[in-house]
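In: Dropping the sequence and predicted coords here.
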Amino acid sequence: MIPPNPKKPKPIPLKTYQSDDVLRLSQALLGKCLISTIGGVLTGGMITETEAYRGPEDRGSHAYNNRRTKRNEVMFHRGGISYVYRCYGIHSLFNVVTNQPEIPHAILIRAIKPLWGLEAMYSRRKTDNLKKLTAGPGTLTQALEIDTLHNGLPLTGPLIWIEDRGVQFSEAEIVASPRVGIDYAGEDALLPWRFRIMETVRVE
DNA sequence: TATAAGATTTACT
DNA sequence: GTAAATCTTATAT
């Protein structure tokens, strides 16, 4: 895939994120490209795994029952901005805020396929293992240098954006399964709201 | 004010 | 397979 032009980002439009259907959007983000120019280096890759968090009625969400805190405040803003929070005191997790103002939906980006700025990502991750470069929600933020200070940023650039570069997957190519690490969410922990591209699907 | 637990990763046994 | 790293919020004193 040809590298994106940092001087002319082509982010997907804001209104895309303002959809009411966070499940559909979570699947639509698979194949899109997440790009960061933090630190003056373009790094990024193709989104391969997401999780949907559906605000008030989802026990797995930080915004369950419309719980509003300093940390999750941006979830209540309009769709199309980042929600970055610290997990287990160690990792920054990157989410896409979706839907209209006051409706706290979000999509956790769990993994990307590394494509651009590999050198910078290896260096930030302190590893030489391509498979482990951006394979989890905490590692991909480290590779892209996304931290909690990038909370609430618009996903139309210039620091962070998501581009459509023509890759799209059919439902048959997407695996839905229960979300990770939310055992406390009761029955909601069983909802198949984790979406991955099937391993057998190859991308050029 | 103190404690527990979490949308995780890594290094160790 | 287990433990450690250690920030933020919720709940209980």
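Out: Cool, got the structure.

In: so A:Leu25 sits in a helix?
Out: Yes: residue state for A:Leu25 (DSSP: H, G, I helix; E, B strand; the rest coil) corresponds to a helix.

In: by contact count, what packs against the helix or strand harbouring A:Ala52?
Out: If you go by DSSP states H and E, A:Ala52 is part of strand A:43-54. Under the contact criterion of 3 or more CB pairs under 8 Å, 6 or more residues apart in numbering; DSSP states H and E, strand A:43-54 touches helix A:22-28, strand A:33-36, strand A:105-116, helix A:137-144, strand A:194-197. Yep, even glycine has a C-beta here, placed from its N, CA and C like the rest.

In: Can the longest one be said to contact DNA strand B?
Out: Put plainly, it is strand A:105-116. Yes: applying CB under 7 Å from any atom of the strand, one finds strand A:105-116 touching DNA strand B at A:Ala106, A:Leu108.

In: Direction included, what does that strand pair against?
Out: strand A:43-54 (antiparallel), strand A:91-98 (antiparallel) (DSSP bridges).

In: Show me the residue sitting in the middle of chain A in space.
Out: Nearest to the geometric centre of chain A sits A:Ile109, at 2.5 Å (CA atoms, centre = their mean).

In: Surely it touches A:Leu140?
Out: Yes: shown here, A:Ile109 and A:Leu140 form a contact pair, counting by CB atoms under 8 Å, at 6.7 Å.

In: Need the residues touching each of these two.
Out: Both A:Ile109 and A:Leu140 are in contact with A:Leu34, A:Phe94, where contact means CB atoms under 8 Å, 6 or more residues apart in numbering.

In: Identify the residues contacting stretch A:140-154?
Out: In contact with stretch A:140-154 (CB under 8 Å, 6+ apart) are residues A:14, A:34, A:36, A:38-39, A:43-44, A:74, A:77, A:80-86, A:91-94, A:109-112, A:114, A:121, A:124-125, A:133-134, A:159-160.

In: repeat that for 7 Å
Out: Defining contact as CB atoms under 7 Å, 6 or more residues apart in numbering, one finds that stretch A:140-154 is touched by A:36, A:38-39, A:43-44, A:74, A:80-86, A:92-94, A:109, A:111-112, A:114, A:121, A:124-125, A:133-134, A:159-160.

In: just the buried members of these?
Out: Burial by neighbour count, judged by 16 or more other CB atoms under 10 Å, picks out A:36, A:38, A:43-44, A:74, A:80-85, A:92-94, A:109, A:111-112, A:114, A:121, A:124-125, A:133-134, A:159-160 from these.

In: Go back to these and keep what's next to DNA strand C.
Out: A:Tyr85.

In: three-state assignment of A:Gly31?
Out: coil.
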